[in-house]
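> how would this look folded up:
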Amino acid sequence: MTETEDREATCDRNDGRAIHLFGRTVPLPRSRALRIAIGVVLVVLGFFGFLPILGFWMIPLGLLVLSYEFATVRRWRRRLIVRWGRWRNSG
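All right, here's what the predicted structure looks like:
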């Protein structure tokens with residue numbers, strides 16, 4: 001099974017809600033409320049990144065989860081992806 005087929009199979013099992021990051025696929029819960037709660041908790045705990053165990057890496061991950069639910073966050077994510085692509089291609 002190729003990587004694309006594997007990714008599509010994972011998305012089919014999870015109603016198309018999965019995060020694809022660095023070649024890995026992380027399925028998200030089917031419940032919208034649970035996805036929102038996970039995103040908010042990650043962002044809030046990310047602000048305490050100076051504490052042990054928690055980290056500032058939780059903020060972008062929480063925003064990524066929330067981008068599947070809210071159009072504003074989704075627009076920010078897409079703009080960032082476009083800027084990143086332009087920056088990489090300009091060099």
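
> Arg77 reaches Val65, doesn't it?
No. Assessed by C-beta atoms under 8 Å, Arg77 is found out of contact with Val65, at 10.7 Å. Backbone N, C-alpha and C define where each C-beta goes, glycine included.

> more crowded one of those two?
Under the criterion of other C-beta atoms under 10 Å, the comparison of Arg77 against Val65 puts Val65 first, with 24 against 16.

> and that one, what does it touch?
Neighbour list for Val65: Ile19, Leu28, Arg35, Ile38, Gly39, Leu42 [criterion: C-beta atoms under 8 Å, 6 or more residues apart in numbering].

> in strands, which of the residues you listed appear?
Among the contacts of Val65, DSSP state E puts Ile19 in strands.

> now the buried members of the contacts of Val65.
Buried subset of the contacts of Val65 (neighbour count, 16 or more other C-beta atoms under 10 Å): Leu28, Arg35, Ile38, Gly39, Leu42.

> quick check: pLDDT value at the fourth one.
Here, the pLDDT recorded for Gly39 equals 93.

> what of Arg83?
With respect to pLDDT, Arg83 has a value of 94.

> now do stretch 46-59, average pLDDT.
Average pLDDT, stretch 46-59: 87.
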